[in-house]
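Asker: Fold the following.
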Amino acid sequence: MFFERRSQPIRGSGGTRSSTSSQMFFGGGYLNANRALRNSDVWTAVNIISSDIARVKFHSDKKSLDKILQRPSRLANRFNFWQSMVAQMLLDGNAYALRRTDDSGEFLEFVQPSHIIQYLSDDGQTVTYDINFDGTRESDLKNVPADDVVHLKLLSTNGGMSGKSPLTALMSEIKLQEDNNVLANAIFRKSAKPSEMLKLTTGNKLNKEGREAIRTSFEEANTGANAGRIMVMDGMFEYSQLEVKSDMAKLLTATDWTRAQIAKAFLLPSDMLGSESEHSNADQIRAMYNNTIGRYLMPVLEEISMKFNNEVIADIREATDLDGAMLEKRTTDLIKGYAISPVLGLEILKQSHSDLVTPDLIDAVGQENAIGKVGRGVSNAGNTEL
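Answerer: This is a model prediction of the structure:
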């Protein structure tokens, strides 16, 4: 169906930015995505979130869709494809994949934001995309229906047409951290290099050869086999150690503040970027991060479900609990609190991804022997036997 298009694309969609050479314009400045990834805290945040969501297993009861979810790309494996999509969504606010078909069936093709422009019809009811394939012999695509483009979006302020990246809120913080690093490096590079000083107290002036001879003699007497031994000096010299100025220490601690801001923008516990929080334990940090994964996972699930008109479910157990230790503890706590029976708890672990309680081990020892002492003492009424 042909329709009249607006003269301008939807603001915030692709066309001016990509994960490789893009510039994200905010006010009077811009933040390049590559430049952002050179910031170790941004790199860590993007890598953690994109990798963990890529570890999530997507499933559908529709076989054709489930096949796409398990092998979405012809060029990359499942993990790397979804990692790339989520990383692009984090850096740009938007990530795109074109639905394609070949003799083997349907698949998804990753499209950089710089190669796609999103349009809204004049009546505001239809969205289409123009896609160009720079550097290839493939013809550009015009008026691609929205149903043929998987478009992942983060925070949207235009009715869900396009998203915004967490980097939108971090331009000042990243610039400040970069300036601090440059300043600190310059001070260390230009400041006095030695960490120790030997001062002649006689008032005599030494030439270059005299200073070098004294330095060499002092180093030979206090390094190597003599290192750590008691230092013996006559009254001609005064020995002292140089210290880093407190102002420099304050400058270096500014990095911790920007790291906390980056963690906040990406909804991560600051501990995951190398900072230490004062009021959070491991369980609280894990709970906070699980909520974060849920927030970033939902745009992916909703978009795929809508474009393929079929519900997609996510198995997040291996993404947030690699060896099943969290599930083991949670199940044990439920048994101790009499919320579930030991038999049910054992069945939960048997069907889980626990690497400790496996079906083979349970079958090897038998169900009765697999239930621990605490489990044996729990009656059907929820009371322990004395």
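Asker: residue ranges of the helices in the stretch 151-300 of the chain, please?
Answerer: 171-190, 208-222, 246-265, 282-308 (DSSP state H, counting those that start in this stretch).
Asker: And those, which one averages the lowest pLDDT?
Answerer: Lowest mean pLDDT within the helices of the stretch 151-300 of the chain: helix 171-190, at a mean of 64.
Asker: Would you list the phi and psi of R100?
Answerer: Per-residue torsions, R100: phi -130, psi 160 (degrees, to the nearest 10).
Asker: Can you name the residues that contact it?
Answerer: By CB atoms under 8 Å, 6 or more residues apart in numbering, R100 lies in contact with 106-109. All C-beta spots, glycine's among them, are computed from the backbone N, C-alpha and C.
Asker: of these, buried ones?
Answerer: 107-109 (16 or more other CB atoms under 10 Å).
Asker: Just the closest of those to A287, please.
Answerer: Closest approach between these and A287, by CB to CB: L108, at 32.7 Å.
Asker: helices or strands next to the helix or strand encompassing that closest one in the packing?
Answerer: Assessed by DSSP states H and E, L108 sits inside strand 105-111. With contacts defined as 3 or more CB pairs under 8 Å, 6 or more residues apart in numbering; DSSP states H and E, strand 105-111 has these neighbours: helix 63-70, helix 78-92, strand 94-102.
Asker: could I get the ones you listed as a markdown table with distance to I49?
Answerer: Formatted as a markdown table, the helices and strands packed on strand 105-111 follow (distance: least, CB to CB, whole Å):
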| stretch | distance to I49 |
| --- | --- |
| helix 63-70 | 19 |
| helix 78-92 | 6 |
| strand 94-102 | 13 |
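Asker: Distance to A169 and mean pLDDT added to those, as a markdown table?
Answerer: Converted to a markdown table, the helices and strands packed on strand 105-111 look like this (distance: least, CB to CB, whole Å; pLDDT from 0 to 100):
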| stretch | distance to A169 | mean pLDDT |
| --- | --- | --- |
| helix 63-70 | 32 | 94 |
| helix 78-92 | 13 | 94 |
| strand 94-102 | 16 | 93 |
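Asker: Please identify the most buried of those.
Answerer: helix 78-92 (a mean of 22; mean count of other CB atoms under 10 Å).
Asker: so how far is M326 from G345?
Answerer: Here G345 is placed at a distance of 14 Å from M326 (CB to CB, to the nearest Å).
Asker: Pick out whichever of these two has more residues nearby.
Answerer: Neighbour totals were compared for G345 and M326, and G345 leads with 24 against 16 (other CB atoms under 10 Å).
Asker: Following the strand or helix carrying the more buried one in sequence, what is the next regular element?
Answerer: Here G345, judged by DSSP H and E, is contained in helix 342-350. Later in the chain than helix 342-350, the nearest helix or strand by DSSP H and E is helix 359-365.
Asker: buried sites along that following helix?
Answerer: Residues of helix 359-365 classed as buried under the neighbour-count rule (16+ other CB under 10 Å) are I362.
Asker: Determine the set of other helices and strands touching the helix or strand following it.
Answerer: The helix or strand immediately downstream of helix 359-365 is helix 367-370, counting by DSSP H and E. Applying 3+ CB pairs under 8 Å, 6+ apart, one finds that helix 367-370 contacts helix 342-350.
Asker: List the buried residues for the helix it packs on?
Answerer: Buried, per 16+ other CB under 10 Å, within helix 342-350: 342, 345-346, 348-350.
Asker: How about stretch 196-207?
Answerer: By 16+ other CB under 10 Å, the buried positions in stretch 196-207 come out as L198.
Asker: how far is it from where the chain is centred?
Answerer: Here stretch 196-207 is found 54 Å from its chain centre; the criterion is CA atoms, centre = their mean, to the nearest Å.
Asker: Can you give me the end-to-end span of that stretch?
Answerer: With CA to CA, to the nearest Å as the measure, stretch 196-207 spans 20 Å from end to end.
Asker: Equivalent analysis for stretch 221-230, please.
Answerer: End-to-end distance for stretch 221-230, by CA to CA: 10 Å.
Asker: If you count neighbours, what's buried in it?
Answerer: N222.
Asker: what about Y239, how many neighbours?
Answerer: Neighbours of Y239 using other CB under 10 Å come to 12.
Asker: tell me the contacts of the residue nearest to it when sequence neighbours are not counted?
Answerer: Excluding the flanking residues, the one nearest Y239 by CB to CB, 6 or more residues apart in numbering is L198, at 5.6 Å. With contact set as CB under 8 Å, 6+ apart, L198 has these partners: 214-215, 218, 237-239.
Asker: try Q88
Answerer: Applying CB under 8 Å, 6+ apart to Q88 gives the contacts 19, 94-95, 110, 112-113, 152.
Asker: roughly how far is stretch 100-108 from the heart of the chain?
Answerer: Its chain's C-alpha centre and that of stretch 100-108 lie 30 Å apart, by CA atoms, centre = their mean.
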